[in-house]
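K.L.:
no sequence for this one, just the structure:
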Ligand code: ST9
Ligand code: ZN
Ligand code: ZN
């Protein structure tokens, strides 16, 4: 695992704050964090989560065995459900609500909140709060999925145990007024369980049965359980694999890495070295729409007048950063 070079931390670097002039950000690394001395608190397993996650993965594996029996429209529906629920995370919880990288109109925010419930990864409010604390205190005890605790912990383990007290303590100090002021975010939070039941479980199962006569069995195990499990794992890979393996073209002093496989599975979110270096860029990548369905979607929303004010880092700033702190793997290197 890498140790940050404080000289090059985002907090001390003008370029990380280039798009933010008036407002301080809570999604930028804070290198003033000091770990508490003394023994680590014990790990407390949440057995209910552990059992449900095991059952979910068994269900998804069984769903895989049913794939040869699924009709073509069900396959298309499963892919659609994957992409829509993934967008609820990438374009919604992540780029819009956690990082405010662009502005979205009310209809788009409604769509993204619904898509987010379809992904069932906690409400937008909770997701964005955990994600801001992840960026601000990355790879410390205050990071919910601290990758220095290993692949398993950062991938899924963190959802199976009580949070480290530091996560909650530091999280409570975050600036969340923008989320609290967003009526759609607060509405989704209030009706979260009902929306998950309808959009993550019932709709993916019932649509193929009702509209083209798929069996409820296949509808439940493929577009519902298998699709949900795949989106979960693609998301978790950003926290695990993309915090361990890949290139670090922009900042070799941090663990987050650009990882092509993760980029593909996570519809554009695997340029994680870029993203931790420039968290306010709406594309989470230097390369715009390349390998980035989420950026294609946001660009399309801009063309339709449903999104605007996308923040982008200039090529000059990127190159200066590559020269200063990159690992030499950048195409200009
Ligand atoms: C899931 C989330 O999967 C995945 C997120 C991944 C993030 C990825 C980021 C990567 C970058 C983006 C790329 C996207 C790519 C997408 C690709 C798509 C193809 N600050 O939570 P509790 C408070 S979810 C402040 O119960 P415990 C909290 O408010 C899957 N406060 O902690 C509460 O206070 P109060 C489904 C905080 O008891 C109190 O603390 N869900 C914070 O330790 C207790 O909160 C699951 O599997 C904070 N950060 O339990 C499990 N955090 O009572 C869901 C907490 O006053 N979670 N607080 O409200 C749980 O069951 C529990 O949270 C727990 C911890 C067991 C994990
Ligand atoms: Zn982020
Ligand atoms: Zn990260």
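P.N.:
Everything's here; your move. Fair warning: this is a prediction, and the values are worked out from it, not measured in the lab. Ligands and ions are numbered 1, 2, ... in the order given.
K.L.:
who are the packing partners of the top helix by length along the chain?
P.N.:
Counting residues, the longest helix found in the chain (DSSP state H) is helix 47-66. If you count contacts as 3 or more C-beta pairs under 8 Å, 6 or more residues apart in numbering; DSSP states H and E, helix 47-66 packs onto helix 227-239. Just so you know, the C-beta spots here come from the backbone N, C-alpha and C atoms, and that holds for glycine as well.
K.L.:
what residues sit buried inside the helix it packs on?
P.N.:
Of all the residues in helix 227-239, those buried under the rule 16 or more other C-beta atoms under 10 Å are 227-239.
K.L.:
quick check: mean pLDDT across the following helix or strand past the longest helix of the chain?
P.N.:
Sequence-wise, the next helix or strand downstream of helix 47-66 (DSSP states H and E) is helix 72-87. Averaging pLDDT along helix 72-87 yields 98.
K.L.:
helices or strands next to helix 72-87 in the packing?
P.N.:
Helices and strands touching helix 72-87, by 3+ C-beta pairs under 8 Å, 6+ apart, are helix 106-119, helix 203-212, helix 227-239, helix 293-303.
K.L.:
out of those helices, which is closest to residue 135?
P.N.:
When those are compared by C-beta to C-beta, helix 227-239 sits nearest residue 135, at 11.8 Å.
K.L.:
which residues touch the following helix or strand past that closest one?
P.N.:
Sequence-wise, the next helix or strand downstream of helix 227-239 (DSSP H and E) is helix 260-265. For helix 260-265, the external contacting residues (C-beta atoms under 8 Å, 6 or more residues apart in numbering) are 233-234, 237-238, 241-242, 246, 269-272, 285, 291-292.
K.L.:
also stretch 302-316?
P.N.:
Contacts for stretch 302-316 (C-beta under 8 Å, 6+ apart): 15, 18-19, 101-105, 107-108, 278, 280-283, 286, 298-299, 301.
K.L.:
tell me the buried residues in that stretch?
P.N.:
Buried residues in stretch 302-316, counted by 16+ other C-beta under 10 Å: 302, 306-307, 310-313.
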